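1. Would you be able to build a 3D model of this:
(one chain, ligands or ions: 3)
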Amino acid sequence: MTPLRGLYAITDSQLLAGGRLLPYAEAALNGGARLLQYRDKSSDDALHQREAEALRELCERYGATLIINDDAELAARLGVGVHLGQGDGSLAAARALLGGQAIIGGTCHARLGLALQAAKEGASYVAFGRFFESHTKPGAPTAALELLDQAKSHLQLPLVAIGGVTLDNAPQLITRGADMVAVVHALFAADSAAEVERRARAFAALFAPH
Ligand SMILES: Cc1ncc(COP(=O)(O)OP(=O)(O)O)c(N)n1
Ligand SMILES: Cc1nc(C(=O)O)sc1CCOP(=O)(O)O
Ligand SMILES: [Mg+2]
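-> Residues are numbered from 1 along each chain as shown. Ligands and ions are numbered 1, 2, ... in the order given. Sure, this is the predicted structure:
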C-alpha cells in the first residue's frame, strides 16, 4: 500500500502535450512522487483510457499509485484510485465500486464539514485548497493555512494541500500538517524531464525525516 505522505504529482494536458506526458510523469516518479494523478479535462474517453493505461504501467514500475481525476468508472476498469470533486459523484459510491483497498480522495476546498463528510463516506485522504495563487486553476476557492491546523485536530485522515504549491511555499504547508502536497505547475512547467526529476526530488526531500 502506497504511504499517503510526500509528493502528489498531477498531470496537465497542456503542459505535457507534444509527447511529454510519459517522460515527465516518469521523471516525477523517479524523483520520488508517490501518487500520480491523471488529470485531463477533455471529454476524449479513448484518449483517457490509453493514457491512463500507460501511466498505470509506469506507476507499477515505480511502486507508486495512479489516481484518476473525476472518473470512478475508468478507475474501476483499470483497478486504480480516483479523486472526486464536489460535482464528480459520490465518494461512498466510488468506495462501493472500487473496493476497500483503493485510494479515494475528495476535494474539500476550505470546508472542514466537507472533509468530515468525506471521511464518513470512506475517503482515503481529503484535499484542501487552493492555498496560493494557481496557474492551473486560478479561480479555485481559497483556503487559509490555519485550516490545516483545524483539520489536523478534527480528522484522522491524511491531508493533501493543493493550489499554487511551490518549493518555496511547501514547507509552510508541511509544518502545518499537510501529509502530501499536490503539484501541477511548479513540477511540470519545466524545459526537460531532468528538471522535473530535480524538482520532484526537492519536493520529496521536504518530507524526509531530519
Ligand atoms: C489532490 C486534488 N485535490 C483537488 C483537486 C480538485 O478536484 P476538483 O475540485 O474536482 O477539480 P478538477 O481537478 O476536477 O478540475 C484535484 N483534482 N486533486
Ligand atoms: C486542480 C486543482 N484543484 C485545486 C483546488 O483548490 O481544489 S487547485 C488546482 C490546481 C493545482 O495546480 P497548481 O499546482 O499548478 O496550482
Ligand atoms: Mg473534479
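2. and the residue of the protein nearest ligand 3?
-> For the chain and ligand 3, the shortest gap (Cβ to the ion) falls at Gly85, measuring 3.3 Å. All C-beta spots, glycine's among them, are computed from the backbone N, C-alpha and C.
3. Who are the contact partners of that residue?
-> Contacts were defined as Cβ atoms under 8 Å, 6 or more residues apart in numbering; by that measure Gly85 touches 70, 106-107.
4. Likewise for Leu58?
-> By Cβ under 8 Å, 6+ apart, the contact list for Leu58 reads 22, 25-26, 29, 36.
5. Got a quick ChimeraX command for the buried subset of these?
-> Per 16 or more other Cβ atoms under 10 Å, the buried members of those correspond to this ChimeraX selection:
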select :22,25,26,29,36
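6. which one among the contacts of Leu58 gets closest to Phe188?
-> Taking Cβ to Cβ as the measure, Phe188 sits nearest to Ala25 out of the contacts of Leu58, at 8.7 Å.
7. wait, that closest one sits on Leu36?
-> Yes - using Cβ atoms under 8 Å as the test, Ala25 is close enough to Leu36 to be in contact (6.0 Å).
8. Now the common contact residues for the two.
-> Here Ala25 and Leu36 have 9, 11, 55, 58 as joint contacts, going by Cβ under 8 Å, 6+ apart.
9. how close does the residue of the chain found nearest ligand 1 sit to Tyr38?
-> Residue nearest to ligand 1 within the chain: Gly85 (1.8 Å; Cβ to the nearest ligand atom). Distance of Gly85 to Tyr38, computed by Cβ to Cβ, to the nearest Å: 15 Å.
10. Make CSV out of the contacts of Gly85 and add neighbour count and pLDDT.
-> What follows is the contacts of Gly85, written out as CSV (neighbours: other Cβ atoms under 10 Å; pLDDT from 0 to 100):
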residue, neighbour count, pLDDT
Asp70, 18, 98
Gly106, 27, 98
Thr107, 23, 98
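11. from these, which are also near ligand 3?
-> Asp70 (Cβ under 5 Å from the ion).
12. Any regions of this structure where pLDDT drops low?
-> Across the chain, the ranges flagged by pLDDT under 70 are 210.
13. Run through the residues of it sitting next to ligand 3.
-> Going by Cβ under 5 Å from the ion, the residues of the chain near ligand 3 are 70, 85, 88.
14. go with 6 Å
-> Within the chain, the positions near ligand 3 by Cβ under 6 Å from the ion are 69-70, 85, 88.
15. how about the residues of the chain that lie near ligand 1?
-> Contacts of the chain with ligand 1, taken as Cβ under 6 Å from any ligand atom, map to 8, 10, 37, 39, 69-70, 83, 85, 88, 105, 107, 127, 160, 162, 182.
16. 8 Å instead, please
-> Neighbours of ligand 1 within the chain, by Cβ under 8 Å from any ligand atom: 8, 10, 37, 39, 41, 67, 69-70, 83-88, 105, 107, 109, 125, 127, 129, 137, 140, 160, 162, 180, 182.
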